[in-house]
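Q: Below: sequence and its predicted model.
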Amino acid sequence: MKHAMLLSFVLIGSAGAQVPTGTIAGVIRDPSGAAVSNAQLKVVSLATNLARTETSSEQGDYSFPALLTGEYEVSVEAEPFQRMVRMASVEAGATTTADFALRLGDVKDPLRFAFCGWGDHRQPDSESAAERPQLSGTSQARAGRSAPISRSG
């Protein structure tokens, strides 16, 4: 009886100690809007420097599930397109959508898109709105501003 009671406390305690995770997912497209399959993606945690890799599907989509909450650098590479890098925030139980619109160019010359704060991002001035990587939806940034980012879950 003592062992059964102890086991039930252990099981109840471990159920409440789940690690908060979220997902980063999106679609990779070329300049014409067509899906880019077999693009190489990498996500790196800014807190731990741990990295995971993924390859986009035939439909151009990708997903990094079960990421610890925090800030991440997401990069994508596919020949003959420029490598693109952006920042994304992960919240517990939510999916952050980070779509990429690739541009033709040298893979070794990356385009960087930095988020300043939670979801606030800056784009290179030389790009038109149609060429910019897009994040969909709206969520409130920590500073109280609207930021183009999508979270579901």
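A: That came in fine, so what should we check first? Numbering: from 1, shown residues only.
Q: So what's the residue count around residue 48?
A: Counted with other Cβ atoms under 10 Å, the neighbours of residue 48 add up to 9. Where C-beta positions appear, they are placed from N, C-alpha and C, glycine not excepted.
Q: If we ignore the residues flanking it in sequence, what's nearest it?
A: residue 68 (7.7 Å; Cβ to Cβ, 6 or more residues apart in numbering).
Q: wait, what's in contact with that neighbour?
A: Residues in contact with residue 68, defined by Cβ atoms under 8 Å, 6 or more residues apart in numbering, are 19, 20, 21, 45, 47, 48, 90.
Q: now the strands for the chain?
A: Ranges of strands within the chain are 21-29, 40-45, 51-55, 61-68, 70-77, 84-90, 95-97, 100-101, 111-113, 139-140, 146-147, 150-152, based on DSSP state E.
Q: Point out the most buried one among those strands.
A: strand 100-101 (a mean of 24; mean count of other Cβ atoms under 10 Å).
Q: Average pLDDT for that strand, rounded please.
A: Averaged across strand 100-101, the pLDDT comes to 96.
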